[in-house]
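1. Based on what follows, work out the 3D shape:
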Amino acid sequence: PWQIYSNYPNTERRRNFNASLKASYHLPGATLTSVTGFQRFTIDYPDRYDFDFTAQNLISGEGSTPQRNWTQELRVTSDPS
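-> You can find the predicted model right below:
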């Protein structure tokens, strides 16, 4: 009884890449630790995409949404006495 038809065959392609690096340096009485992270994420809409998911042609489009993120953490930990 309830059927909704979209205007376009929604197709998307996702690509995701993640990497992290941890390095520690021992100091007199403490340890310095660095943690670095990187993420690259992309969603491609190679064909027309029906963003409103209704039978009406309200919102549609095509394109790409690339994102890149860097994170950095520095940590100093004292050695146990």
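
2. mean confidence score for whichever strand in the chain runs longest?
-> Secondary structure of the chain read by DSSP state E shows that its longest strand is strand 30-50. Per-residue pLDDT over strand 30-50 has a mean of 89.

3. send the alpha carbons of that strand over as CSV?
-> Listed in CSV are the C-alpha atoms of strand 30-50, where the atom choice follows Å, rounded to 0.1, in the frame of the first residue of the first chain:
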residue,chain,number,x,y,z
ALA,A,30,59.6,11.0,32.6
THR,A,31,58.5,9.7,29.2
LEU,A,32,57.2,12.0,26.4
THR,A,33,54.7,10.3,24.1
SER,A,34,53.4,11.6,20.8
VAL,A,35,50.3,10.1,19.1
THR,A,36,49.5,11.4,15.6
GLY,A,37,46.5,10.4,13.6
PHE,A,38,45.3,11.0,10.0
GLN,A,39,42.0,10.2,8.3
ARG,A,40,40.9,10.7,4.7
PHE,A,41,37.3,10.1,3.9
THR,A,42,35.5,10.7,0.6
ILE,A,43,31.9,10.0,-0.6
ASP,A,44,31.4,10.2,-4.4
TYR,A,45,28.0,10.5,-6.0
PRO,A,46,28.9,9.5,-9.6
ASP,A,47,25.3,9.8,-10.9
ARG,A,48,22.4,12.0,-9.9
TYR,A,49,21.5,11.4,-6.3
ASP,A,50,18.0,11.8,-4.8
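
4. Can you name every helix or strand that that strand contacts?
-> The elements that strand 30-50 packs onto, with contact taken as 3 or more CB pairs under 8 Å, 6 or more residues apart in numbering; DSSP states H and E, are strand 13-27, strand 60-78. Every C-beta, even on glycine, is put in place using the N, C-alpha and C of the backbone.
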